[in-house]
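**Student:** Provided below for reference: sequence and predicted model.
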Amino acid sequence: MTVHAHITGWGKFVPPCVVTNDDLAQMVDTSDGWIRTRTGIAERRIAADGETTSYMSLQAARQALEVAGLSPSQLDLIIVATVTPDHAFPATACLVQDGLGATRAAAFDLSAGCTGFIYGLSVAADLVASGAYENALVIGAETLSRIVDWSDRATCVLFGDGAGAIVLQANGANGGVLSTVLGSDGSGCELLCLPAGGSKEPASQRTLDEGLHYLKMEGRQVFRFAARAMPTATRQVLERAGLTLSDLKLVIPHQANQRIIEASTRSLGLPAEVVYSNLERYGNTSAASIPIALCEAVDEGRVEQDDLIVCVGFGAGLTWGAAAIRWSMPLPPELPSPWERVLRQLRYRYASLRSLVRRFVRWLFALGVKE
Ligand code: ACO
């Protein structure tokens, strides 16, 4: 029997703290007018202390599992797409695995800039469709506010924090992820990067003094690349699925700049209402932008069962990618009863306890070894 990877759960988390363009105008030489006309952004969410990439991932993941009606112990795979992991290692996905109590899951992070979620979706969908795994969780999550130079007006106005997650499940029914397209061009690696903190430029007083631990971007060049990559990837992914632009119900593009979204929409000859945008409220949340937008599009009733949607993105690397999805879940989803909710909360408490006990036993064992 042919198996397909279906999206059966979705969830998002954005930090409560809202930073408006006027707030930024108090910090750097900019204005609400400049930011709105050049980018389409009005405000963004900024993570507080403690709202780390793993924390936000966990909140989004719990929602997605609830919608899917799946328990964490049924997960086979967790992928976190991010350029702002909690640590260089261990993987943020392992912290999520521990927080969820997903005792059977393999877990790893994936770095493909803002295209990370599409890369994660593609890898997970292929693993599910191959029969290797049954249930996978794909998360896009970022705390970009931690790597943004808050004195650089050319970049600090663009980014925001948040997380989005989906559950993919194996099913013999037609639909789900129909096709994906992934691409890269490392010759553009300097256009968007975090210069220091890796093996090429380990963190030092000099890298700190020179601000090399902040995100750097050649905005105009990225803009030109993006305006070409998004329409091309959209056409390619539809062609691969044997479909055309006229079959499309909704495009969910990476939310980087409204002018890039509009240029891509024009280039594809699509009406504006077919292309989803929530950039105004969140700014560019990198790998989190597509799953957050997907959740909001579903919640706003922009997606119905059997609709064809395309998620398409571009980002650091340079990378680009797209996924064509036949939405197979009935909407609105059936949510758990209050009793099931209580049970879920207990399961998460148990996961925290289990993690504490494992740490304690490890500590005891280490003590014994020393003596
Ligand atoms: N407020 C006021 N003026 C500003 C600001 C600001 N926040 N930022 C730049 N300016 C000024 C510049 O100094 C420049 O002034 P000058 O003409 O006197 O030199 C002028 O505005 C124009 O600057 P440009 O950089 O040419 O402005 P542009 O129209 O290209 O817009 C922007 C800049 C918004 C960054 C645009 O290039 C863009 O969106 N690029 C794509 C970025 C992107 O998508 N990044 C995400 C990639 S995904 C990932 O992996 C993270």
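**Tutor:** On my side now, so go ahead. Residues are numbered from 1 along each chain as shown.

**Student:** which strands and helices sit next to the helix or strand harbouring E340?
**Tutor:** E340 belongs to helix 338-370 when assigned by DSSP states H and E. For helix 338-370, the packing partners by 3 or more CB pairs under 8 Å, 6 or more residues apart in numbering; DSSP states H and E come out as helix 53-68, helix 92-100. From N, CA and C alone the C-beta is placed, and that goes for glycine too.

**Student:** Domain map for the chain?
**Tutor:** 4-326, 337-371 (automatic domain parsing).

**Student:** Turn these into TSV, columns for distance to the ligand.
**Tutor:** Listed next are the domains of the chain as TSV, based on distance: least, CB to the nearest ligand atom, whole Å:
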stretch	distance to the ligand
domain 4-326	3
domain 337-371	31
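
**Student:** just these: most buried one?
**Tutor:** Across those, averaging neighbours per residue (mean count of other CB atoms under 10 Å) puts domain 4-326 on top, at a mean of 20.

**Student:** distance between the ends of that one?
**Tutor:** 11 Å (CA to CA, to the nearest Å).

**Student:** between the domains of the chain, which has the poorest average model confidence?
**Tutor:** The minimum mean pLDDT among the domains of the chain belongs to domain 337-371 (a mean of 90).

**Student:** hey, C-alpha coordinates of stretch 221-228 in PDB?
**Tutor:** Provided in PDB are the C-alpha atoms of stretch 221-228 (Å, rounded to 0.1, in the frame of the first residue of the first chain):
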ATOM      1  CA  GLN A 221      20.900  41.300  -2.700                       C
ATOM      2  CA  VAL A 222      18.700  39.000  -0.600                       C
ATOM      3  CA  PHE A 223      15.700  40.900  -1.900                       C
ATOM      4  CA  ARG A 224      16.600  40.300  -5.500                       C
ATOM      5  CA  PHE A 225      17.400  36.600  -4.900                       C
ATOM      6  CA  ALA A 226      14.100  36.100  -3.000                       C
ATOM      7  CA  ALA A 227      11.900  37.700  -5.600                       C
ATOM      8  CA  ARG A 228      13.300  35.200  -8.200                       C
END
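
**Student:** That stretch: how far from the chain's middle?
**Tutor:** Its chain's average C-alpha position is 20 Å from that of stretch 221-228, according to CA atoms, centre = their mean, to the nearest Å.
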